[in-house]
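**Q** give the three-dimensional model of this entry:
(one chain, ligands or ions: 1)
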Amino acid sequence: MSFTQLRLDAVTRRFAGHPALADLTLTITRGEFIALLGPSGCGKSTALNCLAGLLPLSGGSIWADDDRLDTVPPERRGFGMVFQNYALFPHMSVRKNIAFGLQMRRLPRAEVRRRTDEAIKLVRLDEHAGKLPGQLSGGQQQRVAIARAVVLEPALVLMDEPLSNLDAKLRLEMRTEIRRLHQSLGLTTVYVTHDQEEALSMADRLVVLRDGRVEQIGTPEQVHTRPATRHVADFMGYRNLLPLTVAEKVGDRVVVAGTGLRLSGTSVGPIDLGDDVIVGIRPEDLRLVASDGIPATVEVVEYQGREVAVEARTDNGVRLHLRTSERPGPGDKILVAADPARVLAFPADDGAGG
Ligand code: ATP
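**A** You can find the predicted model right below:
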């Protein structure tokens, strides 16, 4: 089933009355790489399984251009799937695993051979084509699983945490590999992960989910530099999340204060003078200054290559996380400041608790 646009309209899936996914509305354009991102249990796999047709919807609809898709059985959608456990046939060689789907479609033998060879080359398994899955490393097995999915030239490839069983180095390599395949084959990919770095580095757009609901849909840059809510900020590595109060406000420029702090920042979402807010700042956006900063005392310093991660505490006991290429030591008195554009003030009550 091919399409130029795949439209999810208020897609909802409930389990025993509880919505695992609520009102997901999203248009995926052919050629896009979409990452579904969020903490464990937020509904990512549910969304993917609804797309695949493995889970019926409790509400909403899915459309491939003008054709209704959510009533079409999974095998007739013809989407490629790659899971965390590779699910290869253990008694079949790499080549046979990859050729299997083409044979099931009763394609001529020469075409099966040609497309299988191409796919093997694409995932760089030429030297291993005759081996059984058990004779391959985890990364190689995952490449077989990917080749098996893409050899069928599916209109959509669905991947559910495909790299989570691999070690850190392989994960990095496979990220690039998957992105390369996506581009060179002109695939449309929906990729589930709970790893924000993975999502940011691979996807054209991210869908950030929380408790089954969309918190934000945007490009990596939008989600990273302008998280829509404090929950997205939290998830995107804004480790400083400070409960403060709006003391001044002109347009979206604010001064926030409390617990001995006073900071200039930028409002995200509807907030007014006197409101309680959560102020998010990334560790890399706090810097050490010589004057006019927040006084704090260094408590912990962690080596992180060119930079160190510093945990410091203000005189009022507020803990701050920062990254710096300077080398302060525990007990040192420091002054800390941030660019107002990078100090984001979110409404304190933007959703159900948490
Ligand atoms: P993870 O990263 O842990 O896989 P996820 O974001 O993929 O999480 P889902 O697997 O989509 O989350 O689950 C979303 C919610 O729906 C969870 O609260 C989960 O417990 C619930 N859920 C998922 N599948 C079922 C099921 N078959 N029966 C009942 N509840 C389910």
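**Q** now do the contacts for Val144.
**A** 86, 88, 94, 97-98, 123, 125, 133, 136 (CB atoms under 8 Å, 6 or more residues apart in numbering). All C-beta atoms are positioned from the backbone trio N, CA, C, and that covers glycine.
**Q** same deal with Ser325?
**A** Neighbour list for Ser325: 306-308 [criterion: CB under 8 Å, 6+ apart].
**Q** now pLDDT and distance to Gly38 too, for the residues you listed, in TSV please.
**A** TSV is the format used below for these (pLDDT from 0 to 100; distance: CB to CB, whole Å):
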residue	pLDDT	distance to Gly38
Arg306	92	30
Glu307	93	28
Val308	95	30
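**Q** among those, which lie within strands?
**A** Secondary structure from DSSP state E places 307-308 of those in strands.
**Q** return a PyMOL selection command for the buried portion of the contacts of Ser325.
**A** Buried members of those, defined by 16 or more other CB atoms under 10 Å, are picked up in PyMOL with:
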select buried, resi 307+308
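**Q** just the ones of the contacts of Val144 in helices?
**A** Residues of these located in helices (DSSP state H): 94, 97-98.
**Q** just those now: which is nearest the ligand?
**A** Asn97 (25.2 Å; CB to the nearest ligand atom).
**Q** residues near the closest one, how many?
**A** Using other CB atoms under 10 Å, Asn97 has 25 neighbouring residues.
**Q** and the strands in the stretch 1-150 of the chain?
**A** For the stretch 1-150 of the chain, strands defined by DSSP state E, counting those that start in this stretch occupy the ranges 5-15, 18-29, 33-37, 59-64, 67-68, 80-82.
**Q** before we move on, back to that, need the contacts of Ser325 in a markdown table (columns: distance to the ligand).
**A** Converted to a markdown table, these look like this (distance: CB to the nearest ligand atom, whole Å):
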| residue | distance to the ligand |
| --- | --- |
| Arg306 | 32 |
| Glu307 | 30 |
| Val308 | 31 |
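**Q** how far away from the center of its chain is whichever strand or helix holds Leu181?
**A** In the assignment (DSSP states H and E), Leu181 maps to helix 168-185. On the basis of CA atoms, centre = their mean, to the nearest Å, helix 168-185 sits 15 Å off its chain's mean C-alpha point.
**Q** same check on stretch 291-304?
**A** 30 Å.
**Q** tell me the mean pLDDT over that stretch?
**A** The pLDDT scores in stretch 291-304 average 95.
**Q** which residues sit against stretch 289-304?
**A** With CB under 8 Å, 6+ apart as the test, stretch 289-304 has contacts from 261, 263, 308-315, 320, 323, 327-337.
**Q** need the buried ones from the residues you listed selected in ChimeraX.
**A** A single ChimeraX command suffices to select whichever of the contacts of stretch 289-304 are buried according to 16+ other CB under 10 Å:
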select :263,308,309,310,311,312,314,320,323,328,332,334,336,337
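**Q** near the ligand, which residues of the protein?
**A** Counting by CB under 6 Å from any ligand atom, the residues of the chain close to the ligand are 15, 20, 38, 40-46, 194.
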